[in-house]
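**Q** take a look and give me a structure for this.
(one chain, ligands or ions: 1)
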Amino acid sequence: MIFKNFLNIKKSKTVKKDFLRLLKDQPILFETLKPTYKYSYSKKIIKKYKKFSNLRIIGMGGSVLGSEAIYNFLKPKIKKKITFVSNLNSNADYFDNKNINLNLIISKSGNTLETIANANTLIDKKEKNIIVTDAKNSYLTNLASKLKAEIFEHKNYVGGRYSVLSEVGMLPAELMNLNERKFKQFNNLIKNKNFINNLVNNVSTTLSLIKSGKQTSIILNYDEQSENLFKWYQQLIAESLGKKSLGLLPVVSSMPKDNHSLMQLYLDGPNKYFYTFFNVLENRNIKIKNDGVLNTHKFLKNLSIEKIKQSQMIATEKVFISKKIPFRSFRILKRNEQSLGELFCFFILETILLGRALNVNPFDQPSVELIKIETKKILI
Ligand SMILES: O=P(O)(O)OC[C@H]1O[C@H](O)[C@H](O)[C@@H](O)[C@@H]1O
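**A** Modelled structure (predicted):
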């Protein structure tokens, strides 16, 4: 991964201290970031489920965004068909898919309304089921015994949006036949001085941008297969930091598509945003067909789609520099488990450090309950 930090870096000794304190006094959820983490299942138990080829994963928010990010980012490597049911949509194509052989239903609380509704609409008697949920009595623990489903514990000390490297993201990864071990980059990264400096300076600079009134963080994403990664990131940032009238609004822009839609605003609109350029450089090599190129556009000969896209990214970075618009950039060299593991780790640490510096608790989401309570009142 190549990470280019903001141009005008603000260095903060407090953030560095916070980082060292975080390493010394690690939240227990950090166990999930390490290769030594003890899953609630054994590799032997899950082996029998690896033969299933057509999976449906049902969940909401942190219970599913991580596995959806993994699936889409690493799709070229994955031979299975996985259907994600992570919203309420009566018109979705998945209602017509009758070939599912294994369901994975994931919910920490076991009581999330959308997950219950989707499970009870979609699951068919002939399908096998695995349920990942907290051990306590809930709708899903009861459903598991009714369905005679396999049940694996969602450790109660791991919050949904921080759970991607626990059972929640790694069981789906195993079933996708990916290498779970390779996602676990925490131990390597905290020994890497470059990573630590980048992380600390990135957090310090983000804090000074927030202080100067820039509370919208726009991701200029040049890799369509990373869209779900940034959906995961959105929840992480929004639920962790959006409290006490503070927080950041993470917006994901599809690039270069949005050159033709939002870029004008980014360049000349309110001076209230900061940006993250993101691209993955390992892709199929699809080239322009030379014999079809018209003489006026000879420069296109031999070019690949990726070369054109990457040139647009570099060009946009140049324009941002000339306009003094703050940005950082990620260039991911390999599309593999390790790169994704590094990104998960970077963003998790970034979020916790921002939370500490802003003096908000990055692990709760108290107001989310309000909608659940009001919805129940309407339905009962
Ligand atoms: O895993 P579950 O208990 O089903 O929760 C799923 C999601 O719903 C909640 O409302 C929270 O805001 C999220 O943080 C959580 O990831």
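**Q** check the spacing between the residue in the stretch 251-380 of the chain positioned nearest to the ligand and Lys34 real quick.
**A** As assessed by CB to the nearest ligand atom, the ligand sits closest to Val368 within the stretch 251-380 of the chain, at 3.8 Å. In this view, the C-beta of every residue, glycine as well, is placed from N, C-alpha and C. Val368 sits 29 Å away from Lys34 when distances are taken as CB to CB, to the nearest Å.
**Q** more neighbours: those two, which one.
**A** More neighbours surround Lys34 than the other of Val368 and Lys34, with 13 against 10 (other CB atoms under 10 Å).
**Q** pretty sure that one sits against Leu189.
**A** No - the pair Lys34 / Leu189 is not scored as a contact, 11.0 Å apart, by CB atoms under 8 Å.
**Q** I'd assumed Gln235 was in contact with the residue of the stretch 251-380 of the chain closest to the ligand.
**A** No - the criterion here is CB under 8 Å, and Val368 misses it with Gln235 at 10.6 Å.
**Q** need the pLDDT of the residue of the stretch 251-380 of the chain closest to the ligand.
**A** At Val368, the model reports a pLDDT of 93.
**Q** quick one: contacts for it?
**A** Glu239 (CB atoms under 8 Å, 6 or more residues apart in numbering).
**Q** next one: Gln235
**A** Contacts of Gln235 by CB under 8 Å, 6+ apart are Gly61, Gly62, Leu65, Arg161.
**Q** same thing with Lys24?
**A** By CB under 8 Å, 6+ apart, Lys24 has no neighbours at all.
**Q** just to revisit the earlier point, which among the contacts of Gln235 end up buried?
**A** Gly61, Gly62, Leu65, Arg161 (16 or more other CB atoms under 10 Å).
**Q** dump these into CSV; add secondary structure as well.
**A** Listed next are these as CSV, based on DSSP: H, G, I helix; E, B strand; the rest coil:
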residue, secondary structure
Gly61, helix
Gly62, helix
Leu65, helix
Arg161, helix
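**Q** ok, these vs Leu262, which is closest?
**A** Leu65 (23.2 Å; CB to CB).
**Q** let me know the pLDDT of the closest one.
**A** Listed pLDDT for Leu65 reads 98.
**Q** also Ala135?
**A** pLDDT recorded at Ala135 is 78.
**Q** how many neighbours does Asn283 have?
**A** Neighbour tally, Asn283, other CB under 10 Å: 16.
**Q** how about the nearest residue to it, chain neighbours excluded?
**A** Nearest non-adjacent residue to Asn283, counting by CB to CB, 6 or more residues apart in numbering: Glu306, 5.2 Å away.
**Q** hang on, isn't that neighbour packed against Lys287?
**A** No - at 9.5 Å, Glu306 and Lys287 do not qualify as touching, with contact defined as CB under 8 Å.
**Q** more neighbours: which of those two?
**A** More crowded of Glu306 and Lys287, by other CB under 10 Å: Glu306, with 18 against 13.
**Q** average pLDDT for the helix or strand containing Leu343?
**A** If you go by DSSP states H and E, Leu343 is part of helix 337-358. Mean pLDDT, helix 337-358: 98.
**Q** which positions in the chain make contact with the ligand?
**A** Residues of the chain lying close to the ligand by CB under 6 Å from any ligand atom are 60-63, 107-109, 112, 115, 160-161, 239, 365, 368.
**Q** quick one: the residue of the stretch 251-380 of the chain closest to the ligand from Gly159, how far?
**A** Applying CB to CB, the value for Val368 to Gly159 is 12 Å.
**Q** tell me which strands and helices the helix holding Leu343 is in contact with?
**A** helix 13-24, helix 65-73, helix 186-189, helix 193-211, helix 227-241, strand 327-332 (3 or more CB pairs under 8 Å, 6 or more residues apart in numbering; DSSP states H and E).
**Q** what residues of the shortest one count as buried?
**A** By that I understand helix 186-189. With burial defined by 16+ other CB under 10 Å, the residues of helix 186-189 counted as buried are Phe186, Leu189.
**Q** before we move on, what about the last one?
**A** Taking 16+ other CB under 10 Å as the basis for neighbour counts, the residues of strand 327-332 that come out buried are Phe327, Arg328, Ser329, Phe330, Arg331, Ile332.
**Q** where does the stretch 201-350 of the chain have low pLDDT?
**A** Within the stretch 201-350 of the chain, not a single segment meets pLDDT under 70.
**Q** residue of it nearest the ligand, please.
**A** Proximity of the stretch 201-350 of the chain to the ligand (CB to the nearest ligand atom) peaks at Glu239, 5.4 Å away.
**Q** burial of the closest residue in space to that residue that isn't next to it in sequence, as a residue count?
**A** Closest residue to Glu239 apart from its sequence neighbours, by CB to CB, 6+ apart: Gln365 at 4.5 Å. Residues near Gln365, counting by other CB under 10 Å, number 19.
**Q** would you agree Gln365 is in contact with Leu236?
**A** No - at 11.1 Å, Gln365 does not count as touching Leu236 under the criterion of CB under 8 Å.
**Q** ok, Ile105 - contacts?
**A** By CB under 8 Å, 6+ apart, the contact set of Ile105 is 58-59, 115, 119, 123, 129-133, 140, 143, 149.
**Q** backbone dihedrals for it, please?
**A** phi -110, psi 120 (degrees, to the nearest 10).
**Q** can you check Tyr273 too?
**A** phi -120, psi 160.
**Q** returning to what we had before: just the element for the residue nearest to Glu239, please.
**A** Going by DSSP H and E, Gln365 is not part of any helix or strand.
**Q** right, I'll call it a day here.
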